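1. got a predicted structure plus its sequence, pasted below:
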Amino acid sequence: MSLFSVLGIAASGMAAQRTRAELLVQNLANAETTRTPEGGPYRRKDVVFMADPEVVPFAEQFRAALGGPPVGVRVAAIVEDPREPIKRYMPGHPDADADGYVAFPRISPAEDMVDLLGAARAYQANVTTMSVIKGMIQRALELFR
């Protein structure tokens, strides 16, 4: 596996984690949104990741050595939470139904904050990988001088 393919794999991880972080922030921002243009309360969104085979030179030799091709990651889908919203009794609310209940998104801010920290750490791990590879490439270029 070349150093440049490792950079590509780390970059794909960064892009995937950025998308995950954007969705988590969107979920947190809409935790109390009871009305959307589509109708009803906001629906929590999650990202689904999928392995993305990286095309690199000499891939056949690496498959034999590593037990498979080098792979990155990509966002396969963005899914909405299919569960029913949480109902709270608030008879004076403008979005209350006939019984006085308001439908709120099924979002746990604590859970989304923990997921956001995980996404930030995964992003940082990919940045660190890219920095190490960059240092290795610079060192190799210095050796060729």
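-> That came through fine. Predicted, not measured: the structure shown is a model, and the values here were computed from it. Residues are numbered from 1 along each chain as shown.

2. for the chain, what spans make up the helices?
-> Ranges of helices within the chain are 3-29, 59-66, 109-143, based on DSSP state H.

3. export these to CSV and append columns for distance to residue 39 and mean neighbour count.
-> Every C-beta, even on glycine, is put in place using the N, C-alpha and C of the backbone. As requested, those are exported to CSV (distance: least, C-beta to C-beta, whole Å; neighbours: other C-beta atoms under 10 Å):
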stretch, distance to residue 39, mean neighbour count
helix 3-29, 18, 18
helix 59-66, 48, 12
helix 109-143, 23, 13
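
4. any idea how far the most centrally placed residue in the chain is from residue 83?
-> In the chain, the residue lying closest to the centroid (C-alpha atoms, centre = their mean) is residue 20, at 2.2 Å. Applying C-beta to C-beta, to the nearest Å, the value for residue 20 to residue 83 is 20 Å.

5. same check on residue 47?
-> Applying C-beta to C-beta to residue 47 and residue 83 gives a distance of 17 Å.

6. swap in residue 90?
-> Counting by C-beta to C-beta, the gap from residue 90 to residue 83 is 20 Å.

7. got it, and residue 38?
-> Residue 38 is 16 Å from residue 83, by C-beta to C-beta.

8. do the same with residue 76
-> For residue 76 relative to residue 83 (C-beta to C-beta), the value is 21 Å.

9. the two: which is more packed in?
-> Legend: neighbour count by other C-beta atoms under 10 Å for residue 76 and residue 83, higher for residue 76 (13 against 9).
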